[in-house]
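J.: Need the 3D shape of this:
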Amino acid sequence: MQNGEKVEGRYQKMEKTHLVVFNPRMARLLLKMGYMITDIKPHKNVENASVFIFLNEEGLEEELNKMINEFKNK
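T.: Residues are numbered from 1 along each chain as shown. Just a heads-up that it's a prediction; the model follows:
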């Protein structure tokens, strides 16, 4: 087993080292909070759009979940 892998049931699952953010507004807010973008790539399904690849740092998933809930309620 390689470093960073977890065995769950009958398959191996790699730990998430990066998270993809599709919403530019969310990406900007995360940058202002100090989270690090490691790459920006073209969106595969939307012409002239980008996705933002963030390093999965402590607290990032929680902040994303908060933002998603806030955006849903608006």
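J.: now the strands for this protein?
T.: With strands called from DSSP state E, the chain shows them at 5-8, 11-14, 18-21, 37-42, 50-55.
J.: What mean pLDDT does the second one get?
T.: Confidence over strand 11-14 (mean pLDDT, whole number) is 50.
J.: Make 24 the first number, not 1, from now on.
T.: Will do, 24 is the new start, and the previous item becomes strand 34-37.
J.: outside of the helix of greatest length in the chain, which residues touch it?
T.: For the chain, the longest helix by residue count, based on DSSP state H, is helix 83-95. Residues outside helix 83-95 that contact it (C-beta atoms under 8 Å, 6 or more residues apart in numbering) are 42, 44, 46, 49, 52-53, 56, 58, 77. From N, CA and C alone the C-beta is placed, and that goes for glycine too.
J.: go again using 10 Å as the cut-off
T.: 39, 41-42, 44, 46, 48-49, 52-53, 56, 58-59, 77, 80 (C-beta atoms under 10 Å, 6 or more residues apart in numbering).
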